[in-house]
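Trainee: turn this into a structure:
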Amino acid sequence: MNLLSDSRFRSIFPGVLLVVLLLCCGMATAATNNFPHSGIVTPYMTVIPEPVITTRIVTCTAPAECLSEDNAITKWGADGFVITSDFPCVNANGLSGYCYRPRTGATIVPLGSPVKVLTVVETLETTPIENNCTDMGLTLCANGCVDSSTDTDNCGACGVKCSPVGQYCSEGQCRDYIKVSNPVENVCTIQGKTACGGYCVDTQTDRNNCGACGTKCRMMQSCYQGQCKNFARVNATRINACEIQGKTSCGGACTDTQTDPGNCGSCGKQCSPTETCSQGQCTSLCGTAATIQNFSWQNWQGKNWLTSTKDQGQCGSCWAFGAVSITEAGYNLDMHQQKNVDLSEQYIVSSNPGGGQDCLGGTADYALSIINSHGIPLESALPYQSGNSVHEVPNKDGSGKSHLVCNDGIANSSTGHCSTPNYFVGPITEPWYSVKSFKQESNPNATSAASEYNTIKNALVCNGPLEVCSGHWWHCITLVGWNGYSGDPSGNWIIKNSWGTGWGNGGYGTIPYGDPWSSDTNDYGDLALDVNSVGEAYFHG
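Mentor: Here you go, the predicted structure:
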C-alpha cells in the first residue's frame, strides 16, 4: 500500500492528533510531540543485591579459639560456646573457621601452645589492601574489595551504581531485570534458574536464595553449589577465589558459566543475542515471549543492539528508514556485537525513479526487496539529502483534508519522482550490505489485533527488531520491544521513530497495544497487521 494516501491520511486523525501524526511519513515538523500515552516506561523490578565479599581475616583472642562450628560443638557441646567474630580466622593447622569461646563456667582444654596465624595471613595484614584485592581478582573500592563484574554499587568501576529499581550488574554492566508474568516458572526454567518472588535466580550461587528461595547465607559466607560456605583466603589464587563463590575464572573475572551468555558452559563460549544461557547451554528465546513481561533490544544482555536515531525530515520516507533500521540492527545481532553501521536511506528513496516509491510514500516490502536483491551502501557513500522535499497543501474539495506535494524543482521532470537526487544512482561500487531474506511476520487478515501480539513478540525475540507500518495512521517505525504481557490493558509497544532525537525520549516512545476494530479511530492496534523482519544480514567488502 502507499503510505501517504491523502484521503485516508487526513480523515483518521481529528483534532490535535492530526498535528502529531500527519507528518509522520510526510514532514517531521511535529517531532517534539509524542504519541498519546507515550514515553518510555521503566518496568518495576526488585533488585536482589549481591553482597560484598571482603578479605579481612582476624586473629582470635584467648580464651576464644579458631575452630569450625562442628569442632566447637565437639569441644564444648552444642550450647557450651558463643561466636565472637563476624570475620573468619585461620588456625595453626591452616584450617579456616570463626572465633568461638566457651560460655561462662565451661571447661577450657589447653591446647598446649598458643594459636598462631599463618605467615600468609600475617603477610596479608601488612601488604597494601590493593594487592589483596588484586590477588583475589577483586577491585578496591570505598567499601572494601568488591567484584566489579557483579557489584551493583561498583559496576564495572568504583562508584558506578546500577538503578536500585530494576537493574543488576553482570560482566561489569548494569542490566535490566526481565520480570516475567505468571507462570514465571516457564521462563526461569528456560534460563536454568528458579522462580523466587517473581524473579529468576540461580539458587546454586545466589546468597539470598542459596539452595532454595529465601535461604540466606550469613556475612562472610558465599553460596557454592547451593550451600552456604565460609569464605576464607589462605594462599588463595584468583581461580580459587572464583571457586569459593561457585564461579569460574574467565578472563580474570569470576563468571557463572551456567547462566552467563558470554561464557556459557565454558569460558569464551558465547550465545547468540537471541539465546539465553540455561544450565550451561545456549537456549533459544523463540517461543518464550508469552511469559516475558518486559523486553527491549535497547538493553538486552546488557547491550543496546540498535543504531543511532535518524531524522527523515520533510520527506515521506519512513518506509525506507524502517527497513534500514532493522537491517542495521540485524547486522549487529548476526555479528554478536554493536558494529554501529550507518546505511544509506537515500539509496532506497532514489532507487526507483519511475515506480512511485519516493518522498510521497512507499512500502516496506519495496525497501526490503531493494536491500535483499541489490544491497545498500553506507551513509557516507550516499548521504541523506531529501529532508526538504515536500510540503502539505489542503485538498480542494472542502473536506478539511490535505495531501503532500513535491517542492518546486525537486521532482524529476520526466518521471515525477520526488527525491534528492531524483534519479537512479546506479550500481553500488562502495562496500555494501544486504539481507538474505525478509518476510511478513503477522497475519494481515487476523480477526483481532490481540491474537497477533504473541506472534509478533516471538518474532521480536527470535529475529530482532521489526519494521511495522500502520495503514491506520500512515507511518512506518521500528518495533524494538514491549512493556506488559499481552493481556495487560496498560501494556504497550516500545518503538524507535525516524523523527530525530528531539521526538519522545531520544527518538523512542511507547504506544498502547490497542485494537484497530474499536470505535476509537485514534487507536494504534493495527501495528499488529503489517510487521516485517529480516533474515541474516551480511557485509560485502
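
Trainee: low-confidence ranges, the stretch 201-350 of the chain, go.
Mentor: Along the stretch 201-350 of the chain, the parts satisfying pLDDT under 70 run over 219-222, 230-241, 244.

Trainee: please enumerate the strands of it.
Mentor: Using DSSP state E, counting those that start in this stretch, the strands of the stretch 201-350 of the chain run over 221-224, 227-230, 248-250, 253-255, 275-278, 281-284, 294-296.

Trainee: let's have the ones you listed in TSV, adding distance to K161 and mean neighbour count.
Mentor: All C-beta atoms are positioned from the backbone trio N, CA, C, and that covers glycine. Below are the strands of the stretch 201-350 of the chain laid out as TSV (distance: least, Cβ to Cβ, whole Å; neighbours: other Cβ atoms under 10 Å):
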stretch	distance to K161	mean neighbour count
strand 221-224	23	21
strand 227-230	27	16
strand 248-250	24	19
strand 253-255	19	23
strand 275-278	25	22
strand 281-284	31	16
strand 294-296	21	22
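
Trainee: can you put the ones you listed in a markdown table and add distance to P63?
Mentor: A markdown table is the format used below for these (distance: least, Cβ to Cβ, whole Å):
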| stretch | distance to P63 |
| --- | --- |
| strand 221-224 | 25 |
| strand 227-230 | 21 |
| strand 248-250 | 40 |
| strand 253-255 | 37 |
| strand 275-278 | 50 |
| strand 281-284 | 53 |
| strand 294-296 | 56 |
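
Trainee: out of the ones you listed, which gets nearest to Y485?
Mentor: The minimum distance between Y485 and the strands of the stretch 201-350 of the chain falls on strand 294-296, with 8.9 Å, by Cβ to Cβ.

Trainee: verify the contact between K193 and V201 for me.
Mentor: Yes. Contact status for K193 versus V201: in contact at 5.8 Å, counting by Cβ atoms under 8 Å.

Trainee: who has more neighbours out of those two?
Mentor: K193 (24 against 20; other Cβ atoms under 10 Å).

Trainee: quick check: the more buried one vs D147, distance?
Mentor: 19 Å (Cβ to Cβ, to the nearest Å).

Trainee: quick one: the helices in the stretch 351-500 of the chain?
Mentor: Counting by DSSP state H, counting those that start in this stretch, the stretch 351-500 of the chain has these helices, from start to end: 364-373, 450-463.

Trainee: so N532 is in which element?
Mentor: Per DSSP states H and E, N532 falls inside strand 531-534.

Trainee: any idea of the pLDDT on the closest residue to N422 other than its chain neighbours?
Mentor: Closest residue to N422 apart from its sequence neighbours, by Cβ to Cβ, 6 or more residues apart in numbering: N412 at 4.1 Å. At N412, the pLDDT value in this model is 91.

Trainee: so N412 sits right up against Y423, yeah?
Mentor: Yes. Contact status for N412 versus Y423: in contact at 6.2 Å, counting by Cβ under 8 Å.

Trainee: hmm, back to that, nearest to E69, of the strands of the stretch 201-350 of the chain?
Mentor: strand 227-230 (8.9 Å).

Trainee: tell me the phi and psi of Y168?
Mentor: The phi and psi values for Y168, taken as degrees, to the nearest 10, are phi -130, psi 170.

Trainee: ranges for the helices of the stretch 151-300 of the chain?
Mentor: 185-190, 238-244.

Trainee: pLDDT below threshold where in the stretch 351-500 of the chain?
Mentor: In the stretch 351-500 of the chain, residues with pLDDT under 70: 353-355, 447-448.

Trainee: can you pull out the strands in it?
Mentor: Counting by DSSP E, counting those that start in this stretch, the stretch 351-500 of the chain has strands at residues 376-377, 390-394, 402-406, 432-435, 438-440, 466-470, 475-483, 492-496.

Trainee: out of these, flag the one nearest I370.
Mentor: Nearest of these (Cβ to Cβ): strand 376-377, 7.1 Å.

Trainee: contacts for the closest one next, please.
Mentor: Strand 376-377 is contacted by residues 324, 327, 343-344, 347-348, 370, 428, 430-434 when judged by Cβ atoms under 8 Å, 6 or more residues apart in numbering.

Trainee: picking up where we left off before, gap between the residue nearest to N422 and S350?
Mentor: 10 Å.

Trainee: of those two, who's got more company?
Mentor: S350 (26 against 18).

Trainee: OK, contacts around the more buried one?
Mentor: Here S350 is in contact with D358, L382, S386, H417, S419, T420, P421, N422, Y423, F424, V425 (Cβ under 8 Å, 6+ apart).

Trainee: let's see it at 6 Å
Mentor: S419, P421, V425 (Cβ atoms under 6 Å, 6 or more residues apart in numbering).

Trainee: other SSEs contacting the strand holding N532?
Mentor: Judged by 3 or more Cβ pairs under 6 Å, 6 or more residues apart in numbering; DSSP states H and E, strand 531-534 is in contact with helix 318-335, helix 450-463, strand 466-470.

Trainee: report the buried residues of the longest one.
Mentor: Using 16 or more other Cβ atoms under 10 Å as the burial criterion, the residues of helix 318-335 that qualify are 318-334.

Trainee: how about stretch 472-483 as CSV, C-alpha atoms only?
Mentor: C-alpha atoms of stretch 472-483 as CSV (Å, rounded to 0.1, in the frame of the first residue of the first chain):
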residue,chain,number,x,y,z
HIS,A,472,-4.4,3.4,10.2
TRP,A,473,-2.0,6.4,10.8
TRP,A,474,0.2,6.1,7.7
HIS,A,475,3.6,5.6,9.2
CYS,A,476,6.4,3.1,9.5
ILE,A,477,8.5,2.7,12.6
THR,A,478,10.9,0.2,14.2
LEU,A,479,9.4,-2.1,16.8
VAL,A,480,12.1,-2.8,19.5
GLY,A,481,10.2,-4.3,22.5
TRP,A,482,7.2,-4.2,24.8
ASN,A,483,6.1,-3.5,28.3
